[in-house]
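K.L.:
Pasting the sequence and the predicted coordinates here, then a few questions.
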Amino acid sequence: MTAPNHHWRKIKNVLMQALALLCALLVVAPLVLVFYHLIKEGFSAINWAFFTQLPKPVGEPGGGMGNAIVGTFVVLAQAAVIGVPIGVLGGVFLSEFGGSKLNWAIRFAADILNGVPSITWGIVVYALMVVPMKGFSALAGGVVLGMMMIPLVMRTTEEVLQLVPGGYREAALALGIAKWKTIVQIIIRTALKGIVTGVLLALARVAGETAPLLFTALGNQHWSHKLNEPISAMPLQIFNYAISPYDDWHRQAWAGALVLLLLVLSINVGVRFLTRDRFGARKN
């Protein structure tokens, strides 16, 4: 028999589903609006020259952000070399080793560092590297972004490793496998997708940072061939073009923002897809 309040329960269920759907749409709507506005304002400025040419002199239309695009990859590569190993190994330590008090202190410090404003990171690296080296450099830009990645990668790695069932560890140790082999060959491999997701999250966060690069990499209008020279990056170029009085530079700033957004999106989608296929084939 149907309960007396069955009809009312169905109505409440539909209302809650509609409310949840509305909240989901409200979350996605800003991203859709931003993406639409970037396409509307910047798509017309995207062409082959935008990706291959250097910026034109002040007031002269045309040119591109080729040096900034390459500089973004250079700085992100340095940041990954610094931030990923330290962050992942730090997460392994928090998950598999250490005492409760020490781990609590490290977690607390990492959480605080995750909330430090990016401009503060820039000032710190400016004092530690730029001033002693007596010049801005691509190396300093990579270091500041790598330092920003470390606490985020460490905390996400720890959380992912803790999701691996404890039975995996116990079974491996019962078979006489060394603890470090258990961690490397079983625990980390099991949680690899989550670790990669955390790394991508960290890269996506630092890819659009401008303030720390203003204090370290500075930017330039030419190709950079050495790590001890100032280097351009897309956030820096977008910032400089956006505050300029030239309409053509404004269009290129919108185009650069669109390309930067697509770059972060493609990295996330592409690496997740490749990782899934690779490790899915091994399991099969």
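P.N.:
In hand now; what should we look at?
K.L.:
which stretches of the stretch 101-250 of the chain form helices?
P.N.:
Secondary structure of the stretch 101-250 of the chain (DSSP state H, counting those that start in this stretch): helices at 118-125, 131-133, 138-162, 166-174, 179-182, 188-190, 192-207, 211-216, 234-242, 247-283.
K.L.:
Low-confidence regions, the stretch 151-284 of the chain specifically.
P.N.:
Scanning the stretch 151-284 of the chain for pLDDT under 70 picks out 270-272, 274-284.
K.L.:
dump the residue contacts of residue 162.
P.N.:
Shown in contact with residue 162 (C-beta atoms under 8 Å, 6 or more residues apart in numbering): residue 95. Where C-beta positions appear, they are placed from N, C-alpha and C, glycine not excepted.
K.L.:
Can you give me the distance of it to residue 173?
P.N.:
As defined by C-beta to C-beta, to the nearest Å, residue 162 lies at a distance of 17 Å from residue 173.
K.L.:
Let me have the helices of the stretch 101-250 of the chain in a markdown table, extended by distance to residue 225.
P.N.:
What follows is the helices of the stretch 101-250 of the chain, written out as a markdown table (distance: least, C-beta to C-beta, whole Å):
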| stretch | distance to residue 225 |
| --- | --- |
| helix 118-125 | 22 |
| helix 131-133 | 17 |
| helix 138-162 | 10 |
| helix 166-174 | 48 |
| helix 179-182 | 41 |
| helix 188-190 | 37 |
| helix 192-207 | 22 |
| helix 211-216 | 18 |
| helix 234-242 | 18 |
| helix 247-283 | 22 |
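K.L.:
backbone phi and psi for residue 55, please?
P.N.:
Reported as degrees, to the nearest 10, the phi and psi values for residue 55 are phi -60, psi 140.
K.L.:
wait, it sits on residue 69?
P.N.:
No: using C-beta atoms under 8 Å, residue 55 makes no contact with residue 69, being 11.7 Å away.
K.L.:
Near residue 111, how many other residues are there?
P.N.:
Residue 111: 11 surrounding residues under other C-beta atoms under 10 Å.
K.L.:
just checking, it touches residue 152?
P.N.:
No: assessed by C-beta under 8 Å, residue 111 is found out of contact with residue 152, at 10.2 Å.
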